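S.K.: sequence and predicted structure below; questions after.
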Amino acid sequence: MRSGFIVGGSKPGISLEALIVISTVATWMVPVDRAHGIDVKLTMEEAKKALTAGREPMEKANTPDEVKKVLQQASVATRIGADPEKDSCGASAILRTKRFWLESFGRKEATESKKQKQEVRMPDDKIQKYLDMPNLEMEVQLCGDDEYFAEGVQIALQQGSKTIKSVDLSPAEKGRKNEGQGPAYRSRFTARFAYDSLDPNSKTKVMVFFPDGKLSEFEADFSKIK
């Protein structure tokens, strides 16, 4: 069977806890510069700078191609795992950090300002809601051989000897036809991890577990993402 996964030798029906133990026999974590990494605590001033960082490129984008380029660059900034441009079926994820959301709304500010022909800005009380968000959101994309290959998946993060389970997990989407090479279908799902449970500066292993024992995993360096 062709697959975009790294396959483990576990038996069907094995528990998530058992799979985690098996997959973390050899783990690692290296020190990183604490000045970098996912920003968990942002001030209102920093939030408004993030909105500006998202807004300005969109203000300058005047054609559909320019808008597309701005959106593509935004998704690359917080992507971990495989690069879809080079490996359409490699396991990857987009981290929706606080900065991700704020810059996204900055782009919406620019779009709405153009439509309404007047300045549109997010009110401070709404900005504060994003500053207070307790969870990091992760949208995972991967491939398999049938439409329902991702049904029942579970996910965990490994940072050194610490295993972090998601606090919330959305059901995986029904697989869509994969037009590129590799397995026939692509699917995605969204997981959320409590900021206070993870190290936002750490090298991290993302582990996706399937009910039949298969395992897909890839590594990320959170110190390179804001």
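M.R.: All right, it came through fine.

S.K.: only alpha carbons, please: show stretch 142-159 as PDB.
M.R.: C-alpha atoms of stretch 142-159 as PDB (Å, rounded to 0.1, in the frame of the first residue of the first chain):
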ATOM      1  CA  LEU A 142      -1.700  14.400   5.400                       C
ATOM      2  CA  CYS A 143      -2.500  11.700   2.700                       C
ATOM      3  CA  GLY A 144      -3.800   8.200   2.500                       C
ATOM      4  CA  ASP A 145      -5.300   5.600   0.200                       C
ATOM      5  CA  ASP A 146      -9.100   6.000   0.800                       C
ATOM      6  CA  GLU A 147     -11.600   8.700   1.600                       C
ATOM      7  CA  TYR A 148     -11.800   7.800   5.300                       C
ATOM      8  CA  PHE A 149      -8.200   7.000   6.000                       C
ATOM      9  CA  ALA A 150      -7.900   9.800   8.600                       C
ATOM     10  CA  GLU A 151     -11.100   8.900  10.500                       C
ATOM     11  CA  GLY A 152     -10.400   8.400  14.200                       C
ATOM     12  CA  VAL A 153      -6.800   9.900  14.300                       C
ATOM     13  CA  GLN A 154      -5.300  11.100  17.500                       C
ATOM     14  CA  ILE A 155      -2.400  13.500  17.900                       C
ATOM     15  CA  ALA A 156       0.300  14.300  20.500                       C
ATOM     16  CA  LEU A 157       3.400  16.500  20.700                       C
ATOM     17  CA  GLN A 158       6.700  15.300  22.000                       C
ATOM     18  CA  GLN A 159       9.200  17.700  23.500                       C
END
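
S.K.: give the buried residues for the longest helix along the chain.
M.R.: The longest helix of the chain (DSSP state H) is helix 98-116. Going by neighbour count (16 or more other Cβ atoms under 10 Å), the buried part of helix 98-116 is 98-111, 113. For glycine as for every other residue, the C-beta is placed from the backbone atoms N, C-alpha and C.

S.K.: repeat that for stretch 189-201.
M.R.: So, applying 16+ other Cβ under 10 Å, buried residues of stretch 189-201: 189-193, 195, 197-201.

S.K.: and which of those is nearest to Pro134?
M.R.: Taking Cβ to Cβ as the measure, Pro134 lies nearest Tyr195 of the buried residues of stretch 189-201, at 6.1 Å.

S.K.: output the buried residues of stretch 189-201 as a markdown table; include the columns pLDDT and distance to Asn135.
M.R.: As requested, these are exported to a markdown table (pLDDT from 0 to 100; distance: Cβ to Cβ, whole Å):
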| residue | pLDDT | distance to Asn135 |
| --- | --- | --- |
| Phe189 | 97 | 15 |
| Thr190 | 97 | 11 |
| Ala191 | 98 | 9 |
| Arg192 | 98 | 4 |
| Phe193 | 98 | 6 |
| Tyr195 | 96 | 7 |
| Ser197 | 96 | 9 |
| Leu198 | 94 | 10 |
| Asp199 | 95 | 15 |
| Pro200 | 93 | 12 |
| Asn201 | 93 | 18 |
